[in-house]
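Trainee: return atomic coordinates for the entry below.
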Amino acid sequence: MKSEGIVVLDLRGKSSFTDYMVIASASNTRQAIAIAERIEEKVLKKFKRKPLGWEGFETAQWILLDYGDCVCHLFLNETRQFYRLEELWHDAIPLVVKARKYATRHD
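Mentor: Numbers count the residues shown, from 1 in each chain. Here you go, the predicted structure:
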């Protein structure tokens, strides 16, 4: 399970609803749901936080996980190209994030 095109935007001072936005893509709905569930699992384990809200699991075209100070958007590739969320926040500062590999489950 691997997300693609991960972008983290620093929105401090530019947004009233969050400090950071994470945008990533998945190649299919099954992968999108698995990645979103993995994000929830990792954030809960590392930061002891559950999302304040979430949307999009029904169709998995665009899944949103809202952690208050950080909002994660997980798109299917074609949905991300359609909405171009990064362009709406073109004045935000993109952060460099080191990618980490996690073992995937095959069950």
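
Trainee: any stretches of this structure with poor pLDDT?
Mentor: 1-3, 98-107 (pLDDT under 70).

Trainee: in it, which spans are helices?
Mentor: Listed in chain order, the helices of the chain (DSSP state H) span 29-47, 77-83, 85-88.

Trainee: now render those helices as a markdown table, adding distance to Val96 and mean neighbour count.
Mentor: Yep, even glycine has a C-beta here, placed from its N, CA and C like the rest. Output for the helices of the chain, formatted as a markdown table (distance: least, CB to CB, whole Å; neighbours: other CB atoms under 10 Å):
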| stretch | distance to Val96 | mean neighbour count |
| --- | --- | --- |
| helix 29-47 | 19 | 15 |
| helix 77-83 | 20 | 15 |
| helix 85-88 | 15 | 12 |
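
Trainee: mind checking which of those helices is nearest Arg12?
Mentor: helix 85-88 (16.5 Å; CB to CB).
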